[in-house]
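In: Provide a 3D model corresponding to the input given below.
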Amino acid sequence: MSNTLAIGAVTATLRNLLDQAIAEEGGGMHATTLAPEKAQTFGQADGPGRINLFLYQTQMNAAWRNQDMPRQIKPNETGQPPLALDLYYLVTAYERDDGDASVIAHRLLGRAMRMLHDHPLLGADEIRTALTDNDLADQIERVRITPQPMSVEEFSKLWTTFQVGYRISAAYQVSVVLIDSTRASRTPLPVLTRGADDTGVKAQADLTPPFPTLTAVAPDAQPPGSETSAVLGNDLLLTGHHLDGASLSVQVSHPHLLNSIPLPAPSRASTAAITVNLPNQPVNFPAGIYTITISVIRPTETLKRTTNALPFAIAPEITGPVNAARNGNEITVTLSCSPQVLADQRVALLLGGDEVPAQPHPAKTGSLTFVVLDDPPGKFAAGEYFVRLRVDGVDSLLIDRSVQPPKFKSSQKVSVP
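Out: I've put the predicted structure just below:
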């Protein structure tokens, strides 16, 4: 591969080739690498014409973009693909006096295009002498010059971008330039044995992965599935496979907590199901969405494995009565909840069909205030309304599903005066 001088090395090599091509014209004419708006300006030391080589575009080379370098990366090693570039050049002929009867610009363009036609590959020695300290000549892939067909419309758009008058030109693609990545490759040590006593890969007759895996987590309620969210003090039922073993532990994580929280030892554990209790610790377990994992050392193994993480919800609970006071068209609702809500948690009260945000609570608190607008007047007439407390998208449990048919819990009501 090559260093960051590779692009400049290509440009310098092409300029030298073009200089050789137009040297037969004599008269001090030479090749330049100026921007189009500068190339059309001639100085006293310039000859009657020039060939200008302008790099107008660079693109990623799709074939090399994710390709490791041959002979540099061995099996089981992870290399860093090079920065592979295709360069697009515009070769333009200029003459000092437009309309010259000797058609200098056309003669120069013909010589330049013949040189590039006869020289489709850049030679290693040509590249080395073109620019000091470049190592493009040492890259594994040769640098090729290919004419780039462009329609009159494409040329017109290109020259419009330059914001200068159009000049007769020829476009070329130069590919590929491989610039070495500075990121280190990963070269792990060779594998000496595969499995205990070099027994090789273990095979099994089904598609179930042989690793501890969780498939579901739900409150351990009766009847099963009757509760959608857990509450503190209740049990969780974790189901999966390959959950048996030694040093079994269960951890939960919350997005507002920095560290995971270990749960008590499971009260029941088997290879397919585990029952674990959610401690009734409102200070340590805020309401919201959690993820749960199990760590276990499987039989015949010494490595502790951790299952996938599954989400579950801990619902807030409204503790004590919900009070409401009316002042004009404002109804102030106060309540107590458990667990306490954190300062950065989103809290709302669902009253009837409205979601009412809680008043600001800059610190952890178990007492919340909500201001409900009776708008339009009479929307919240005097009477009883069912309420739900929503914390980070998790609602308090309003429905009692242990009876048939289900019914609303009478404790979660507020009397609006």
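In: Now tell me which helix or strand of the chain has the poorest mean pLDDT.
Out: For the chain, counting by mean pLDDT, DSSP states H and E, strand 399-400 ranks last in confidence among helices and strands (a mean of 82).
In: Please name every helix or strand in contact with the helix or strand just after that one.
Out: Using DSSP states H and E, the helix or strand that follows strand 399-400 in sequence is strand 407-408. Contacting strand 407-408 under the criterion 3 or more CB pairs under 8 Å, 6 or more residues apart in numbering; DSSP states H and E are the following elements: strand 399-400. Every C-beta, even on glycine, is put in place using the N, C-alpha and C of the backbone.
In: Centre of the chain to the strand it packs on, how far?
Out: Remark: strand 399-400 is offset 41 Å from the chain centroid, using CA atoms, centre = their mean, to the nearest Å.
In: And for stretch 102-118?
Out: Relative to its parent chain, stretch 102-118 has a centroid offset of 49 Å by CA atoms, centre = their mean.
In: repeat for stretch 45-64
Out: Between the centre of stretch 45-64 and the centre of its chain there are 35 Å (CA atoms, centre = their mean).
In: Show me the shaky parts of this protein.
Out: Scanning the chain for pLDDT under 70 picks out 1, 70-72, 99-101, 225.
In: Would you mind splitting it into its domains for me?
Out: Taking automatic domain parsing as the reference, the chain has its domains at 6-179, 213-314, 317-416.
In: Determine how far the longest one lies from the middle of the whole chain.
Out: Translated: domain 6-179. Counting by CA atoms, centre = their mean, domain 6-179 comes out at 36 Å from the chain centroid.
In: quick one on the thing from earlier: dump the domains of the chain into a markdown table; add distance to residue 189 and mean neighbour count as well.
Out: Shown next, in a markdown table, are the domains of the chain (distance: least, CB to CB, whole Å; neighbours: other CB atoms under 10 Å):
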| stretch | distance to residue 189 | mean neighbour count |
| --- | --- | --- |
| domain 6-179 | 10 | 16 |
| domain 213-314 | 18 | 16 |
| domain 317-416 | 46 | 15 |
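In: circling back to that earlier point, got the contact list for the least confident helix or strand of the chain?
Out: Contacts of strand 399-400 with the rest of the structure, by CB atoms under 8 Å, 6 or more residues apart in numbering, involve 406, 407, 408, 409.
In: Repeat that for stretch 219-239.
Out: Contacts of stretch 219-239 (CB under 8 Å, 6+ apart): 214-218, 250, 267, 272-282, 285, 292, 294, 312-315, 317, 338-339, 394-395, 397, 401-402.
In: what does stretch 134-151 give?
Out: Residues contacting stretch 134-151 (CB under 8 Å, 6+ apart): 1-3, 5-6, 8-10, 14, 64, 69-71, 88, 116-117, 119-122, 124-125, 127-128, 158, 170-178.
In: Please name the residues that touch the closest residue to residue 242 other than its chain neighbours.
Out: Spatial nearest neighbour of residue 242, excluding adjacent residues (CB to CB, 6 or more residues apart in numbering): residue 212 at 4.7 Å. Contacts for residue 212 (CB under 8 Å, 6+ apart) come out as 240, 241, 242, 243, 245, 294, 296, 298, 305, 306, 307.
In: one more time with 7 Å, if that's ok
Out: By CB atoms under 7 Å, 6 or more residues apart in numbering, the contact set of residue 212 is 240, 242, 243, 294, 296, 298, 305, 307.
In: how far does stretch 361-372 sit from the chain's center?
Out: With CA atoms, centre = their mean, you get 36 Å for stretch 361-372.
In: Check stretch 370-382 too.
Out: How far stretch 370-382 lies from its chain's middle: 45 Å, per CA atoms, centre = their mean.
In: Over to it now: how far is its first residue from its last?
Out: 17 Å (CA to CA, to the nearest Å).
In: picking that back up, partner strands of the least confident helix or strand of the chain and their direction?
Out: Sheet pairing for strand 399-400, assigned by DSSP bridges, gives strand 407-408 (antiparallel).
In: Show me what secondary structure element comes after the partner strand.
Out: Next in sequence after strand 407-408, counting helices and strands by DSSP H and E, comes strand 413-416.
In: which residues sit against that following strand?
Out: Strand 413-416 is contacted from outside by 322, 324, 331, 333, 380, 382, 383, 384, 385, 386, 387, using CB under 7 Å, 6+ apart.
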